[in-house]
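[1] Sequence first, then the predicted structure, then my questions.
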Amino acid sequence: MRKKVFYYIGLTFWMLFTASSFGQVSGNPNSTDLSFETEGNEEDSEESETGSKGTSRMEAERDSESSSSLENSPETTSSVFKSSPNASFDVEKTRGNESSGFRSGVNDFSRGSRPVPQRPIAPTIRGEIPRAPMIDRSVLQSIIMENNPVIAQARKTGKISEDTNVLARFGLRNAQTNRFYQMSGSTRKALLSSDVKVVRRLLSMDGFGHEQGDAFYEYQPQTRSLILSLDDDVLVPLLNEGIEEDLLQESLTKMNLESSKPAKMPRFTPGSELDDRAKQMSLRLMESGNGDVFGELNELSDGSWDEDLLRVGEVADLLLRDYDLKNSSPRERLSVDEVLNNPFFADGSALYEELFMNGLVFGGGSVLGGRNLIIQGNAKALNPYFNDGSGEVLLVASKSLDIGGEIIWGTGAKKDARLVIMSTGELEVKPGAKLSTVTSDLVLATQRNLLLKQVSLSGASEVVIRGMRDVSLQDVSIRADVLATIKARRDLNVDGLTFNKDLSRIVMEATTMRLRNVNFPGLAQVRLNTLKGAVDGRYPNFGASIPAVEQIGRVNFIENVRSGGNLLHDRASFDLHGKNIEIGKIARP
């Protein structure tokens, strides 16, 4: 790149040197052109012909072109020669030459010189040699510099780099160019390979700096195209959020993009408290990619907001955001009633109603909700909900809920407090996680499949695991004073499950139940319910040799199932040591 810049600079100085040389050849160092005297005097003509032997053909043609323009203008020619008494010819004679000697295109040169075709040369006044206008050397240099994009770019910014030549094709303003050089190396490289309109737009945005540039080009081209469909006032705050790509793609639906256009923004009445709240809510929803929510509310309002409709939108804004409870939490506490009645949280309401019908939740309490929730070890966001004496706290996610590490909560809660962790999407508890409290009950529930592996759950009176599809437990330990409940709508597959010895009751329900490596407390009352119930009214299936088709709808003791440490591997051992276990039937687990 630097070689190209030096080449253009060298070319400029060569042109200046050439222009200067032309002036010296003409006999006038200040002149940049050559001129000739015409046929007004024969002696002068002969001298001119003799002297012209050393003159280039290019100079003669240039003079002839200039004189030809004079000849073709009768008014100009007549006025010049009439006003000068020293003119050595008349116009009519000159016009005659045009049709005779000049048209032949042949001039006679002395000393046997080769004839050269000549165009008519306009007459001049005797004794005067016309000169070309002088060209200022600095002007010529400026013209050359400004018409070279690479040199012009370097002069504007004072920067020369390997990007200068490529950057020149974008035609950026000074401010845009300076912002380009503030970007990281990877972002500059990506900008240079982008469309001209995209580059100009990005480098013109207020608030678009190197951090926003890095965030923008971390996304895939398809996602970047969706982002560019947003208005500038929405685009920059969106990049500041650092939203994960899969979530961003889902959020930026066609409806959301249309709702985020300035033309779709409602008109608010200045000074109105409700309209001011509605305006702030609309900006938050647009920023979080939930413009469709505001679009629906705006249609319902018909341009006139009331308190109830506005509250629906504010609650939806809180429930449809993402939170990492180790670093942030919702701006305010929500009541169960306003969450369940919110039309934009219908799936969460349906799951809660299912839990309520199963007697696993009691209604009332407060809600900590979002689209995607992350709870890591020692998250302190839960403590305020229990320390004020709340009865039931719902931790609810509409898409995914991730739990990891050791989480202890509710040290100041009253005895009958309950934490309900539920997700209408995925519920993932990382291996090795521990959820523990001595003052409240614990409920885990999801509408999807649920897998718990190497997880410890500890509650005050009751611990509940509820899955609306399949539930799989691997190396799970449960501790509670009164009741442990495990329910799956379809299959319950257990490989490694232990309970505390003083647990009073255990209830397990599923369409089909397969148990391995389970030890039931000897003094606990155990109820196992499936679609078809017991075999012969009393027993489970024993062993792995039972055909799969016969396992469906039954309780299956596949391997190493015990009660009070005693192995239950056939009907005899079950009659002897399994008296605390009852197998029943349920139509819809």
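    Perfect, thanks for sending it. Predicted model, so just to flag it, every value in this text is computed and none were measured.
[2] Partner strands of the lengthiest strand in the chain and their direction?
    Using DSSP state E, we find that the single longest strand of the chain is strand 392-403. According to DSSP bridges, strand 392-403 forms sheet pairs with strand 366-375 (parallel), strand 417-423 (parallel), strand 426-429 (parallel).
[3] and the first one, average pLDDT?
    If I follow you right, that is strand 366-375. Per-residue pLDDT over strand 366-375 has a mean of 89.
[4] Per the annotation, how does the protein divide into domains?
    Domain assignment of the chain by automatic domain parsing yields the ranges 274-322, 325-585.
[5] closest one to Phe180 among those domains?
    Phe180 lies closest, by CB to CB, to one member of the domains of the chain: domain 274-322, at 26.8 Å. All C-beta spots, glycine's among them, are computed from the backbone N, C-alpha and C.
[6] Quick one: residues contacting Ser288.
    Glu241, Ser251, Asp317, Leu320, Arg321 (CB atoms under 8 Å, 6 or more residues apart in numbering).
[7] err, Gln212, not the other one
    Gln212 sits in contact with Met205, Val236, Leu239, Asn240, where contact means CB under 8 Å, 6+ apart.
[8] hmm, back to that, what's the most buried one of the strands paired with strand 392-403?
    strand 417-423 (a mean of 25; mean count of other CB atoms under 10 Å).
[9] which residues sit against it?
    Counting by CB under 8 Å, 6+ apart, 348, 351-352, 355, 360-362, 365, 373, 382, 386, 390-401, 403, 409-410, 427, 435, 437, 439-448, 460 sit against strand 417-423.
[10] if we can go back for a sec, out of the strands paired with strand 392-403, nearest to Met513?
    strand 426-429 (20.5 Å).
[11] immediately after the closest one, which helix or strand?
    Next along the chain after strand 426-429, taking DSSP states H and E as the criterion, comes strand 434-436.
[12] Pull out the buried positions in that next one.
    Lys434, Leu435 (16 or more other CB atoms under 10 Å).
[13] what's the answer for stretch 459-468, then?
    For stretch 459-468, using 16+ other CB under 10 Å, the buried residues are Gly459, Ala460, Ser461, Glu462, Val463, Val464, Ile465, Arg466, Gly467, Met468.
[14] I figured the second one hits Thr439, correct?
    Yes - in this structure Ala460 lies within contact range of Thr439 using CB atoms under 8 Å: 5.6 Å.
[15] circling back to that earlier point, and the buried residues of stretch 459-468, which two are the farthest apart?
    Longest span within these, CB to CB: Ala460 and Met468, 25.2 Å.
[16] ok so, going back, CSV please, covering the strands paired with strand 392-403 and showing distance to Leu300.
    Shown next, in CSV, are the strands paired with strand 392-403 (distance: least, CB to CB, whole Å):
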stretch, distance to Leu300
strand 366-375, 22
strand 417-423, 28
strand 426-429, 31
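[17] Indicate which one of these is closest to Ala168.
    Using CB to CB, the strands paired with strand 392-403 put strand 366-375 closest to Ala168, at 44.8 Å.
[18] Name the residues that touch the closest one?
    Taking CB under 8 Å, 6+ apart as the rule, strand 366-375 contacts 247, 318-326, 329-330, 333-336, 339, 345, 348, 381-382, 385, 390, 392-404, 407, 423.
[19] Can I get that strand in CSV, CA atoms only?
    C-alpha atoms of strand 366-375 as CSV (Å, rounded to 0.1, in the frame of the first residue of the first chain):
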residue,chain,number,x,y,z
SER,A,366,-45.0,-13.4,44.5
VAL,A,367,-43.2,-14.1,41.2
LEU,A,368,-39.7,-13.8,39.9
GLY,A,369,-40.1,-14.4,36.1
GLY,A,370,-38.4,-14.0,32.8
ARG,A,371,-37.9,-15.6,29.4
ASN,A,372,-34.6,-17.2,30.2
LEU,A,373,-33.4,-17.4,33.8
ILE,A,374,-29.9,-18.4,35.1
ILE,A,375,-29.4,-19.3,38.8
